[in-house]
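J.: Starting from these lines, generate the structure:
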Amino acid sequence: MAKAVRIHVNGGPEVLSFDDVDVGRPGAGEVLVKHTAIGLNFLDTYYRSGLYAAPHLPLIPGGEAAGVVLETGEGVDGLKAGDRVAYTTQIGAYCTERVIAADRLVRIPSGVTDEQAAAAMLKGLTVEYLLRRTFKVKPGATVLYHAAAGGVGLLFGQWAKHLGATTIGTAGSPEKVSLALQHGFDHVINYSEQDFVAEVARITESQKCEVVYDSVGKDTFPGSLDCLKPFGMFVSFGQSSGPIAPFHLALLAQKGSLYATRPTLFTYIAKREDLETASEALFDVIARGIVNVRINQRYLLADVAHAHADLEARKTTGTTILIP
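T.: Next up is the predicted model:
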């Protein structure tokens with residue numbers, strides 16, 4: 001019998017239960033995967049708390065994992081028992097085994113470990129679309145990224161630096177500022193002590209940024225808009241401090257004819273070919289050492305409530321994984 005962390009009712013970390021589950025056997029186009037490592041993300045807490053509506057209850061949360069193929073269903077080509085694979089999805093990863101559609105899996109290349117893949121699929125593919133597709137960052141661009149010491153932020157800083165950008169980050173403590181500076185950011189603002197809008201103006205000599213990447217939400221809006229050049233882009237891809245309140249589109253005109261977008265990873269990788277292209281790009285920068293996937297915390301899957309509490313209390317840095 002497999003084990004899974006499930007949400008039966010929305011609430012705090014205490015609602016996460018560790019249950020026996022019957023995962024069944026793979027059907028046509030499906031694969032049975034035994035997990036070796038599972039990623040932890042803020043997205044998981046949104047489903048647990050009810051901030052994001054669960055499609056059903058009970059719900060198995062979890063957005064990324066790596067493992068080994070145990071069995072393939074009818075019609076599955078290109079995968080076989082024993083293959084190392086990874087995936088990202090919105091829900092379902094907090095378990096020891098699962099059946100999943102084969103077209104959502106990617107092979108893990110020899111230069112990447114299972115833990116790196118599990119830690120980087122959702123976060124790393126997020127960085128890929130932010131930097132390469134939502135706003136195509138080119139050499140010489142100046143970018144602002146909030147929550148620079150988080151799991152996505154540390155990957156972002158390294159990859160953006162590799163692309164030739166001037167990178168400005170924000171973080172909430174001296175320790176997190178130092179960590180972000182070690183991971184590609186040229187400048188990091190301690191928002192608990194400094195006004196990030198004023199600091200961005202100082203750093204850029206009032207030239208500001210082409211793009212702001214904001215996963216914080218309520219606490220950084222509308223200040224993020226004040227960090228943009230005319231025609232700059234505001235990219236809101238999360239809301240760890242709460243959702244942004246509705247605002248008039250005229251505000252974008254007042255701030256400099258700005259663009260604003262609310263992208264999601266799963267739109268960018270909905271097509272199989274896009275998932276493959278993005279994954280290849282991610283695994284390439286990991287295997288070549290351009291992006292170092294720093295796993296700073298490991299918890300047993302059974303202790304996931306503790307992991308959620310630490311994540312929401314901002315006690316974690318970098319990437320966290322769960323061990324089945």
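J.: Strands of the stretch 51-200 of the chain, start to end?
T.: 64-72, 84-88, 97-101, 106-107, 142-145, 166-171, 187-190 (DSSP state E, counting those that start in this stretch).
J.: was I right about Arg262 contacting Ser236?
T.: Yes - counting by C-beta atoms under 8 Å, Arg262 does reach Ser236; the two are 5.0 Å apart. For every residue, glycine as well, the C-beta is placed using N, CA and C.
J.: Looking at these two, which is more packed in?
T.: Remark: of Arg262 and Ser236, Ser236 carries more neighbours, 20 against 11, as counted by other C-beta atoms under 10 Å.
J.: Please tell me how far Leu300 sits from Ala307.
T.: 9 Å (C-beta to C-beta, to the nearest Å).
J.: between these two, what contacts are shared?
T.: Common contact partners of Leu300 and Ala307 (C-beta atoms under 8 Å, 6 or more residues apart in numbering): Leu322.
J.: List just the one of the strands of the stretch 51-200 of the chain that sits closest to Asp114.
T.: Asp114 sits nearest to strand 64-72 of all those, at 4.2 Å, using C-beta to C-beta.
J.: ok, now how distant is Leu154 from Ile189?
T.: Distance from Leu154 to Ile189, counting by C-beta to C-beta: 16 Å.
J.: Ignore what I typed, I meant Leu181.
T.: According to C-beta to C-beta, Leu181 and Ile189 sit 11 Å apart.
J.: what residue of this structure is the furthest out?
T.: Relative to the mean C-alpha coordinate of the chain, counting by C-alpha atoms, centre = their mean, the farthest residue is Glu74 (32.2 Å).
J.: Name the nearest residue to that one, ignoring sequence neighbours.
T.: With sequence-adjacent residues excluded and distances taken as C-beta to C-beta, 6 or more residues apart in numbering, Glu74 is closest to Ala28, at 4.5 Å.
J.: hmm, back to that, more crowded one of Leu300 and Ala307?
T.: Taking neighbours as other C-beta under 10 Å, Leu300 and Ala307 compare with Ala307 leading, 24 against 12.
J.: List the contacts of the residue positioned nearest the centre of the chain.
T.: The residue lying closest to the centre of the chain (C-alpha atoms, centre = their mean) is Lys123, at 2.9 Å. Residues near Lys123 by C-beta under 8 Å, 6+ apart: Gly39, Asn41, Glu64, Gly151, Val152, Leu155, Thr319.
J.: Looking at the strands of the stretch 51-200 of the chain, spot the one closest to Phe266.
T.: Nearest to Phe266 among the strands of the stretch 51-200 of the chain is strand 84-88; the distance by C-beta to C-beta comes to 8.2 Å.
J.: Tell me the strands beside the closest one, with direction?
T.: strand 64-72 (antiparallel), strand 106-107 (antiparallel) (DSSP bridges).
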